[in-house]
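Peer 1: give me coordinates for this.
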Amino acid sequence: MAILDWIEVFVMIPAIVFLFRWADRRGKKRSEPTTWPAIGMLPAAIQNFRRQHDYITEVLTDSGGTFEFKGPPFCNVDMVFTCDPANIHHIFSKNFSNYPKGPEFRKIFDILGDGIFNADFELWEVHRRTTQFLLTGAGFHRALEKTVWGKVETGLLPVLDNFYNNGADVDLQEIFQRFAFDNVCKIVLDYDPRSLCVQWPFIPCEKAFSVALEPLFYRHIIPEPVWKLQKWLKIGREKKLMESSYNFDQFIYSQIDKKKDSKFLTAFEKTYESVGSSRCLRDFLKDTSLNLMFAGRDTTSTCLTWLFYLIAQNPNSQTKILEEIKSQLQIHGGEQFRFFGAEESGKLLYLHGALCESLRLFPPVALEHKAPVRPDVLPSGHRVSRDAKIIVSFYSVGRMASVWGEDCLEFKPERWISTAGGGGIKHAPSYKFPAFNAGARTCLGKEMAFIQMKMVAAWLVYRYRIELVGGHRVFPRDSIILQAVNGLRVRLFRRGDDD
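Peer 2: Numbering: from 1, shown residues only. Purely as a prediction, here's the structure:
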C-alpha cells in the first residue's frame with residue numbers, strides 16, 4: 001500500500017490497530033465486513049485499500065447485489081452499494097426524477113462546475129439537447145472520421161513505428177490517452193495540441209486528467225472534514241487536485257480566449273442565456289469543455305487499453321479480429337491499411353463484440369454516485385432515506401454470475417454476436433450493460449466512441465501483433481475512471497515479420 005497522506009493516517013491509525021487486534025476473532029469466510037463499535041466497517045475498507053473495486057464486487061456477490069456500508073458515526077460515510085440490475089433500472093429509468101446528481105455529487109465533483117456531468121433538471125436538459133444536436137448534425141461523423149484517421153497517420157503510426165524500430169516496449173495506455181486527448185481537443189476546442197508525436201511532449205493539462213481521478217475517488221471514502229481540511233491546508237491528494245484544476249484552467253481558458261472557430265463552443269455560447277447557470281460565460285464554456293474532454297479522453301482510451309490487455313491474453317481473439325478485417329474490409333496481407341468510416345465499421349462484428357467484452361469487464365466509469373430527493377424503497381427491498389449515498393458499481397455488474405452467467409469472468413466476444421437472422425450484435429439493456437451509463441443519462445457519444453475505437457483497434461491489430469511484457473502486472477486503479485495502475489506495457493511485432 002502506498003504511503004498515505006499524514007492526515008488520513010492520523011484518522012485511520014485507531015482503525016488499523018483495532019483491525020489487527022481483532023482479526024483473529026473474525027473467522028469469517030464471506031467477504032462481508034464486520035461492523036465494529038465506534039469505527040463501523042472502516043477496518044475492512046482499509047485492509048482492501050488498494051483493491052477497492054474487486055473488494056466491492058466480492059461483497060456485493062456475497063450480499064446478493066446490494067450492501068449497506070456503515071462507517072464511523074458522525075463521519076457521513078454510510079453508503080448503499082448496489083450492482084443489482086433491477087435497482088439500476090429503478091434509479092436510472094423508472095424513478096429517474098427522484099435521483100438527480102444532487103448537492104453531494106456537486107460537492108465531490110466541484111472541479112466540473114456547471115458541466116453536463118454535474119448538471120440537473122433544466123441545466124442538464126440544455127446541455128444534453130445542445131450536445132445531441134452537435135453529435136447528430138450534418139457532417140459530424142465525416143469530420144470525426146477525418147480527425148481520427150488524421151491522428152492515426154500523423155500520430156499513432158510514427159510513434160508506434162518509432163518504438164518498434166528502437167526495439168523498445170511501449171505503454172499502450174499512455175499512447176491511447178494522448179491519442180484521445182488530441183482528438184477531443186480538436187473536436188471541442190478546434191485545437192490539436194499534438195501530445196501524440198515522436199517528440200513526446202509533456203502537456204500539463206493532458207496529465208492532469210489522470211492525476212485528478214484518484215482524489216475524486218477517495219472523496220467518496222474519506223470523511224468530508226478530512227478532505228476539506230487537506231484542501232484548506234493544500235496538502236495530499238487535495239493539493240494534486242488543485243494543481244490539476246489549475247492546469248485545466250490554463251489550457252482551456254487560453255483556447256476559449258483565442259475565439260477559435262469551434263462549433264461546440266459557438267453552440268454553447270448561443271444557449272448560455274437559457275441555461276440558468278450562476279457562472280459567467282467564460283467559466284461556463286470552460287466547465288462545458290472540461291466535461292466533454294473528460295468524456296472524450298478517458299472513456300475511449302480506457303476501453304482500448306483493456307481491449308488490448310484482454311486480446312493480448314487471448315491470441316485467438318487477435319487472429320479472429322485480423323481475419324475479420326481482411327475479409328470485411330477487403331484488405332489483405334501485405335497491402336497498406338486503408339481508411340474506413342462509420343458505415344464500414346458496422347461490418348466488424350467480432351471486433352465490436354470484443355470491445356463490448358472490454359466494456360463489460362472493465363467499464364471506463366467504474367461507479368456512479370446517486371442520492372434520492374425523497375425516501376425510497378429499492379426493488380431489492382432496501383430502504384434509502386432522503387439524500388442517502390448510493391454507489392452503483394458498474395464494474396461489479398459485469399462480474400456477476402447472476403447477470404452474465406457462470407462464465408462471466410471469461411473474455412468471450414462471441415457472447416455479443418447473434419446467430420439468428422443472419423447475425424448481428426445482441427442488444428443488452430443499459431441496466432445490465434451500463435458501460436455508457438443507463439436510462440436518460442446514457443452517453444450521447446456511444447456511437448462516436450465505437451467508431452473511433454474500431455478505427456484505432458483495427459489499424460493496430462492489422463499492423464502489429466501485441467504481447468504483454470513479461471512480468472508486467474496489470475490491474476485496475478482505485479479511481480473514478482478504471483485505468484490500469486502501471487499502464488499497459490507491451491511488445492510490438494510487425495505483421496509479416498512473424499506471421
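Peer 1: find the centremost residue of this protein, please.
Peer 2: Centroid check for the chain by CA atoms, centre = their mean gives P364 as the closest residue, at 2.5 Å.
Peer 1: ramachandran angles for that residue?
Peer 2: phi -50, psi -50 (degrees, to the nearest 10).
Peer 1: which stretches of the stretch 1-150 of the chain have low pLDDT?
Peer 2: Counting by pLDDT under 70, the stretch 1-150 of the chain has low-confidence residues at 1-30.
Peer 1: which parts of it are helices?
Peer 2: 6-26, 42-47, 52-62, 85-89, 102-108, 121-135, 140-151 (DSSP state H, counting those that start in this stretch).
Peer 1: make a markdown table out of those and add distance to T319 and mean neighbour count.
Peer 2: Just so you know, the C-beta spots here come from the backbone N, C-alpha and C atoms, and that holds for glycine as well. Compiled in a markdown table, the helices of the stretch 1-150 of the chain are given as follows (distance: least, CB to CB, whole Å; neighbours: other CB atoms under 10 Å):
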| stretch | distance to T319 | mean neighbour count |
| --- | --- | --- |
| helix 6-26 | 47 | 14 |
| helix 42-47 | 42 | 21 |
| helix 52-62 | 30 | 20 |
| helix 85-89 | 33 | 21 |
| helix 102-108 | 44 | 16 |
| helix 121-135 | 34 | 16 |
| helix 140-151 | 25 | 18 |
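Peer 1: can you check which of those helices gets nearest to E224?
Peer 2: With CB to CB as the criterion, E224 lies closest to helix 102-108 of those, at 7.8 Å.
Peer 1: who touches that closest one?
Peer 2: With CB atoms under 8 Å, 6 or more residues apart in numbering as the test, helix 102-108 has contacts from 118, 120, 216, 219-220, 224, 369-371, 373, 387, 389.
Peer 1: among the residues you listed, which are in helices?
Peer 2: Here DSSP state H is the test, and the contacts of helix 102-108 give 216, 224 as lying in helices.
Peer 1: of the contacts of helix 102-108, which is the nearest to R415?
Peer 2: K370 (28.5 Å).
Peer 1: from F433, how far off is that closest one?
Peer 2: Distance from K370 to F433, counting by CB to CB, to the nearest Å: 18 Å.
Peer 1: between the top helix by length along the chain and helix 140-151, how big is the angle?
Peer 2: Scanning the chain for the helix with the most residues, using DSSP H, yields helix 281-313. Between helix 281-313 and helix 140-151, the angle comes out at 60 degrees (axes from the mean of the first three to the mean of the last three CA atoms, to 10 degrees).
Peer 1: could you say what helices and strands helix 281-313 packs with?
Peer 2: helix 172-189, helix 204-218, helix 236-257, helix 263-271, helix 315-328, helix 349-361, helix 446-463, strand 464-468 (3 or more CB pairs under 8 Å, 6 or more residues apart in numbering; DSSP states H and E).
Peer 1: repeat the analysis, applying 6 Å as the threshold.
Peer 2: When contacts are defined as 3 or more CB pairs under 6 Å, 6 or more residues apart in numbering; DSSP states H and E, helix 281-313 packs onto helix 172-189, helix 236-257, helix 349-361, helix 446-463, strand 464-468.
Peer 1: which one, of those, ends up nearest to K146?
Peer 2: Closest to K146 of the helices and strands packed on helix 281-313 is helix 172-189 (CB to CB; 9.9 Å).
Peer 1: what sits up against that closest one?
Peer 2: Contacts to helix 172-189, defined as CB atoms under 6 Å, 6 or more residues apart in numbering, come from residues 147, 151, 156, 191-193, 195-196, 206, 255, 262, 264, 289, 292-293, 296-297, 300-301, 304-305, 308, 484, 487-488, 490.
Peer 1: make JSON lines out of the contacts of helix 102-108 and add distance to R473 and neighbour count.
Peer 2: Converted to JSON lines, those look like this (distance: CB to CB, whole Å; neighbours: other CB atoms under 10 Å):
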{"residue": "N118", "distance to R473": "35", "neighbour count": "22"}
{"residue": "D120", "distance to R473": "40", "neighbour count": "15"}
{"residue": "L216", "distance to R473": "24", "neighbour count": "19"}
{"residue": "R219", "distance to R473": "27", "neighbour count": "23"}
{"residue": "H220", "distance to R473": "25", "neighbour count": "17"}
{"residue": "E224", "distance to R473": "33", "neighbour count": "14"}
{"residue": "H369", "distance to R473": "29", "neighbour count": "18"}
{"residue": "K370", "distance to R473": "33", "neighbour count": "22"}
{"residue": "A371", "distance to R473": "36", "neighbour count": "19"}
{"residue": "V373", "distance to R473": "43", "neighbour count": "14"}
{"residue": "D387", "distance to R473": "40", "neighbour count": "13"}
{"residue": "K389", "distance to R473": "32", "neighbour count": "21"}
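Peer 1: and which of the contacts of helix 102-108 is nearest E343?
Peer 2: Taking CB to CB as the measure, N118 is the one of the contacts of helix 102-108 closest to E343, at 35.5 Å.
Peer 1: what's around the nearest residue in space to the closest one that is not next to it in sequence, how many residues?
Peer 2: Closest residue in space to N118, ignoring its immediate chain neighbours: L112 at 4.7 Å, by CB to CB, 6 or more residues apart in numbering. The burial count assigned to L112 is 22, neighbours taken as other CB atoms under 10 Å.
Peer 1: now do L112 against M293, distance only.
Peer 2: L112 sits 11 Å away from M293, going by CB to CB.
Peer 1: just give me how far stretch 388-397 sits from the chain centre.
Peer 2: 14 Å (CA atoms, centre = their mean, to the nearest Å).
Peer 1: give me the contacts around that stretch.
Peer 2: 53, 56-57, 60, 79-83, 363, 366-368, 370, 434.
Peer 1: stretch 347-361 too?
Peer 2: Outside stretch 347-361, the residues that reach it (CB under 6 Å, 6+ apart) are 303, 306-307, 310, 320-321, 324, 328, 398, 411, 413, 416-417, 425, 435, 453-454.
Peer 1: wait, what's in contact with G65?
Peer 2: The contact partners of G65, taken as CB under 6 Å, 6+ apart, are 83-84.
Peer 1: identify each buried residue in stretch 402-415, please.
Peer 2: 403-404, 408, 411-413, 415 (16 or more other CB atoms under 10 Å).
Peer 1: and if you look at stretch 376-391?
Peer 2: Residues 376, 378-380, 382, 384, 388-391 are the ones in stretch 376-391 that count as buried (16+ other CB under 10 Å).
Peer 1: okay if I get these as TSV plus pLDDT?
Peer 2: Shown next, in TSV, are the buried residues of stretch 376-391 (pLDDT from 0 to 100):
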residue	pLDDT
D376	96
L378	97
P379	97
S380	96
H382	96
V384	95
A388	89
K389	89
I390	93
I391	92
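Peer 1: for the residues you listed, which one is nearest N162?
Peer 2: I391 (42.4 Å).
Peer 1: shouldn't that closest one be within a helix?
Peer 2: No - under DSSP: H, G, I helix; E, B strand; the rest coil, I391 falls outside any helix and is assigned strand.
Peer 1: beta-bridge partners for it, please?
Peer 2: I391 has these beta-bridge partners by DSSP bridges: F81, H369.
Peer 1: returning to what we had before: what about the residue nearest to N118, distance to K146?
Peer 2: Distance from L112 to K146, counting by CB to CB: 29 Å.
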